[in-house]
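Peer 1: what follows is a predicted structure for the sequence shown.
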Amino acid sequence: MKIVTWNINGVRARIGNLLHWLQEANPDIVCLQEIKTVDEGFPRLEVEALGYHVETHGQKGFNGVAILSKLRFDEVNRGLPGDASDEHARFIEGVFSTDRGALRVVSLYLPNGNPADDPVKFPYKLAWMERLHRWAQERLTLEEPLVLAGDYNVIPEPLDARFPENWVNDALFQPVTRQAFRRLKNLGFTEAVRATTEAGGVYTFWDYQAGAWQKDNGIRIDHLLLSPEAADRLSSTAIDKHVRAWEKPSDHVPVAVELSLAAA
DNA sequence: ATGGTTGGTAGCCAA
């Protein structure tokens, strides 16, 4: 079972890349972020034609997440609980049947939070992380395979940036941001790429600006957190870096895990 | 220190 997360930065602008990549990578479940469209604007027919079920949590103009799956959805939940006034579309959960029972997969787009001294944006990021922490704590009691995949907008450690000194004033690398991510992990999750890759120099995002891609000035901010029951089945991870060199690329690339699970 | 680019939208905002 191949599960992939990809911040696609506008699914309508990226539909050609998405279809090409789906055929090349042949994933079972895809978590997309920043689809930047309402549900009705998602290019659903083209994706369904490749054999995928599509569930979205869209929003006009920005944010928006989706899950594409070859497996039928048994259940779909939209929105992160804990703040009824939060209208950002950043969270969708799908439940699937496998040979090991239920599999839960979340596509999440954690708030960016910049600028880090903003009185609204940064506290919103930290509050969202606290809500995610509470939600994850509750889900872990189910003792099921669970994959929390998405754009976390968190650089976990200095080795996750080519030039960490450039990020010390950024919301993605604040000590309190990194601590919140660590606390989430410490509930019992395995961060899949870090668990399978000791080395630094592994990135998932390169800014469009200032030739960041050409200089390999990247950061690793797209992560998959695995519950113990999912981590038990982890066989490999991969980052589809070559997609960043395509025409009209997203600034993020797909990040994949292979789990020893089969559709039921 | 600043500026650099892209998507969505029709202003600039978000990143």
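Peer 2: Thanks, I have it.
Peer 1: report the buried residues of stretch A:18-32.
Peer 2: Buried residues in stretch A:18-32, defined by neighbour count with 16 or more other CB atoms under 10 Å: A:18, A:21-22, A:25, A:27-32. In this view, the C-beta of every residue, glycine as well, is placed from N, C-alpha and C.
Peer 1: meant to ask about stretch A:78-90, not that
Peer 2: A:79-80, A:86, A:88-90.
Peer 1: can you give me the end-to-end span of it?
Peer 2: The separation between the terminal residues of stretch A:78-90, taken as CA to CA, to the nearest Å, is 9 Å.
Peer 1: do that stretch and DNA strand B come into contact?
Peer 2: No: judged by CB under 7 Å from any atom of the strand, stretch A:78-90 and DNA strand B are separated, with a smallest distance of 8.1 Å.
Peer 1: which outside residues touch that stretch?
Peer 2: A:33, A:57-59, A:63-65, A:91-93, A:108-111, A:127-128, A:130-132, A:134-135 (CB atoms under 8 Å, 6 or more residues apart in numbering).
Peer 1: for stretch A:203-222, same thing?
Peer 2: A:5-7, A:150-156, A:160-163, A:166-167, A:172, A:193, A:202, A:239, A:241, A:244-245, A:251-253, A:255.
Peer 1: now, which of the residues you listed lie within strands?
Peer 2: Those of these mapping onto strands are A:5-7, A:150-151, A:239, A:255, per DSSP state E.
Peer 1: got the residues of the stretch 151-264 of chain A near DNA strand B?
Peer 2: A:208-210, A:248.
Peer 1: dump those residues to TSV, plus secondary structure and neighbour count.
Peer 2: Converted to TSV, those look like this (DSSP: H, G, I helix; E, B strand; the rest coil; neighbours: other CB atoms under 10 Å):
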residue	secondary structure	neighbour count
A:208	coil	11
A:209	helix	8
A:210	helix	9
A:248	coil	10
